[in-house]
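Novice: predicted structure and sequence below. I'll ask about it afterward.
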Amino acid sequence: MIYRDLYHFALCIMRNAHDAEDAVSEAVLAAYAGVDGLRKDEAFKSWMFSITANVCRKRLGRKPPEPIEEVPERAQEGPDTATALAVRELFGQLPDEERLIVALSVFGGYSSKEVGAMMSLNPSTVRSKQRRALAKLAAQLKDVN
(Lines give C-alpha, C1' and ligand atoms only; values in the text may rest on other atoms or scores of the structure.)
Protein backbone atom coordinates (compact mmCIF):
# COMPACT_ATOMS: atom_id res chain seq x y z
CA MET A 1 0.00 0.00 0.00
CA ILE A 2 1.42 3.37 -0.99
CA TYR A 3 0.29 5.13 2.19
CA ARG A 4 2.55 2.91 4.30
CA ASP A 5 5.50 3.57 1.97
CA LEU A 6 4.84 7.31 2.06
CA TYR A 7 4.58 7.22 5.85
CA HIS A 8 7.90 5.37 6.26
CA PHE A 9 9.52 7.78 3.83
CA ALA A 10 8.12 10.83 5.67
CA LEU A 11 9.13 9.35 9.04
CA CYS A 12 12.74 9.13 7.88
CA ILE A 13 12.67 12.75 6.80
CA MET A 14 10.59 14.25 9.62
CA ARG A 15 11.98 12.02 12.44
CA ASN A 16 8.66 12.15 14.29
CA ALA A 17 5.59 9.95 13.82
CA HIS A 18 3.07 12.76 14.30
CA ASP A 19 4.89 15.08 11.86
CA ALA A 20 5.20 12.24 9.34
CA GLU A 21 1.47 11.52 9.52
CA ASP A 22 0.70 15.22 9.06
CA ALA A 23 3.07 15.47 6.11
CA VAL A 24 1.54 12.46 4.37
CA SER A 25 -1.98 13.77 4.99
CA GLU A 26 -1.01 17.16 3.57
CA ALA A 27 0.59 15.46 0.55
CA VAL A 28 -2.53 13.37 -0.09
CA LEU A 29 -4.70 16.49 0.06
CA ALA A 30 -2.34 18.34 -2.28
CA ALA A 31 -2.37 15.40 -4.69
CA TYR A 32 -6.16 15.24 -4.62
CA ALA A 33 -6.36 18.96 -5.36
CA GLY A 34 -3.87 18.64 -8.21
CA VAL A 35 -4.87 15.27 -9.63
CA ASP A 36 -5.56 16.90 -13.00
CA GLY A 37 -1.80 17.50 -13.24
CA LEU A 38 -1.08 13.76 -13.30
CA ARG A 39 -0.64 12.86 -16.96
CA LYS A 40 0.10 9.13 -16.70
CA ASP A 41 -1.37 6.69 -14.21
CA GLU A 42 1.97 4.85 -14.14
CA ALA A 43 3.63 7.96 -12.68
CA PHE A 44 1.30 8.07 -9.65
CA LYS A 45 3.76 6.60 -7.13
CA SER A 46 6.63 8.84 -8.23
CA TRP A 47 4.28 11.83 -8.22
CA MET A 48 3.12 11.07 -4.66
CA PHE A 49 6.69 10.68 -3.39
CA SER A 50 7.62 13.99 -5.02
CA ILE A 51 4.70 15.75 -3.36
CA THR A 52 5.51 14.14 -0.01
CA ALA A 53 9.19 15.10 -0.31
CA ASN A 54 8.20 18.71 -1.05
CA VAL A 55 5.79 18.82 1.90
CA CYS A 56 8.48 17.41 4.21
CA ARG A 57 11.06 19.94 3.01
CA LYS A 58 8.59 22.78 3.47
CA ARG A 59 7.69 21.60 6.96
CA LEU A 60 11.33 21.17 7.96
CA GLY A 61 12.02 24.70 6.81
CA ARG A 62 9.43 26.00 9.29
CA LYS A 63 10.94 24.48 12.41
CA PRO A 64 14.00 22.60 13.55
CA PRO A 65 13.68 18.82 13.30
CA GLU A 66 12.52 16.97 16.38
CA PRO A 67 14.84 14.48 18.04
CA ILE A 68 14.32 10.98 16.74
CA GLU A 69 11.64 9.11 18.64
CA GLU A 70 12.72 6.00 20.43
CA VAL A 71 11.53 2.65 19.19
CA PRO A 72 9.28 1.02 21.81
CA GLU A 73 11.02 -1.45 24.06
CA ARG A 74 10.91 -5.03 22.89
CA ALA A 75 10.75 -8.08 25.08
CA GLN A 76 14.03 -9.44 23.75
CA GLU A 77 16.56 -6.96 22.50
CA GLY A 78 19.50 -8.32 20.63
CA PRO A 79 22.28 -7.12 18.39
CA ASP A 80 19.85 -6.61 15.50
CA THR A 81 17.71 -4.24 17.59
CA ALA A 82 20.74 -2.29 18.77
CA THR A 83 22.02 -2.01 15.19
CA ALA A 84 18.61 -0.89 13.92
CA LEU A 85 18.44 1.81 16.58
CA ALA A 86 21.97 2.96 15.74
CA VAL A 87 21.21 3.11 12.01
CA ARG A 88 18.04 5.08 12.67
CA GLU A 89 19.86 7.55 14.91
CA LEU A 90 22.74 7.99 12.45
CA PHE A 91 20.37 8.31 9.50
CA GLY A 92 18.60 11.13 11.31
CA GLN A 93 21.90 12.97 11.67
CA LEU A 94 22.48 13.15 7.92
CA PRO A 95 21.90 16.54 6.30
CA ASP A 96 18.37 16.94 4.94
CA GLU A 97 19.33 16.57 1.28
CA GLU A 98 21.35 13.40 1.84
CA ARG A 99 18.61 11.92 4.04
CA LEU A 100 16.04 12.67 1.32
CA ILE A 101 18.17 11.09 -1.41
CA VAL A 102 18.78 7.92 0.61
CA ALA A 103 15.11 7.70 1.65
CA LEU A 104 13.85 8.09 -1.92
CA SER A 105 16.21 5.42 -3.20
CA VAL A 106 15.75 2.98 -0.31
CA PHE A 107 12.06 3.41 0.60
CA GLY A 108 10.82 4.67 -2.73
CA GLY A 109 12.98 2.36 -4.80
CA TYR A 110 13.77 5.16 -7.24
CA SER A 111 16.76 5.29 -9.56
CA SER A 112 19.23 8.17 -9.44
CA LYS A 113 17.61 9.54 -12.60
CA GLU A 114 14.16 9.55 -10.97
CA VAL A 115 15.48 11.03 -7.70
CA GLY A 116 17.33 13.67 -9.71
CA ALA A 117 14.14 14.62 -11.53
CA MET A 118 12.23 14.89 -8.24
CA MET A 119 14.92 17.02 -6.60
CA SER A 120 16.08 18.98 -9.67
CA LEU A 121 19.55 17.42 -9.48
CA ASN A 122 21.75 15.75 -12.05
CA PRO A 123 21.59 11.92 -11.69
CA SER A 124 25.38 11.72 -11.25
CA THR A 125 25.11 14.27 -8.42
CA VAL A 126 22.44 12.10 -6.81
CA ARG A 127 24.67 9.03 -7.08
CA SER A 128 27.68 10.79 -5.57
CA LYS A 129 25.63 12.30 -2.72
CA GLN A 130 24.06 8.90 -2.06
CA ARG A 131 27.47 7.17 -2.01
CA ARG A 132 28.84 9.83 0.33
CA ALA A 133 25.83 9.54 2.67
CA LEU A 134 26.01 5.73 2.76
CA ALA A 135 29.77 5.87 3.37
CA LYS A 136 29.18 8.25 6.30
CA LEU A 137 26.59 5.89 7.74
CA ALA A 138 28.86 2.88 7.33
CA ALA A 139 31.82 4.64 8.97
CA GLN A 140 29.74 5.90 11.87
CA LEU A 141 28.08 2.51 12.33
CA LYS A 142 31.49 0.86 12.47
CA ASP A 143 32.43 3.29 15.29
CA VAL A 144 29.21 2.39 17.15
CA ASN A 145 29.82 -1.33 16.95
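Specialist: Here it is on my side, so go on.

Novice: can you classify residue 109 by secondary structure?
Specialist: On the three-state scheme (DSSP: H, G, I helix; E, B strand; the rest coil), residue 109 is labelled coil.

Novice: ok, the nearest residue to residue 133 once chain neighbours are set aside - contacts?
Specialist: Residue nearest to residue 133 in three dimensions, not counting chain neighbours: residue 98, with 3.8 Å by CB to CB, 6 or more residues apart in numbering. Heads up, the C-betas are built off the backbone N, CA and C, glycines and all. By CB atoms under 8 Å, 6 or more residues apart in numbering, the contact set of residue 98 is 129-130, 132-133, 136.

Novice: in what helix or strand does residue 98 lie?
Specialist: Counting by DSSP states H and E, the element that carries residue 98 is helix 96-106.

Novice: got the angle for the next helix or strand after that helix vs helix 96-106?
Specialist: Going down the chain from helix 96-106, the next helix or strand is helix 112-119, by DSSP H and E. Helix 112-119 and helix 96-106 are oriented at 130 degrees to each other (axes from the mean of the first three to the mean of the last three CA atoms, to 10 degrees).

Novice: who does helix 112-119 touch, helix- and strand-wise?
Specialist: helix 44-62, helix 96-106, helix 123-144 (3 or more CB pairs under 8 Å, 6 or more residues apart in numbering; DSSP states H and E).

Novice: understood, closing this out.
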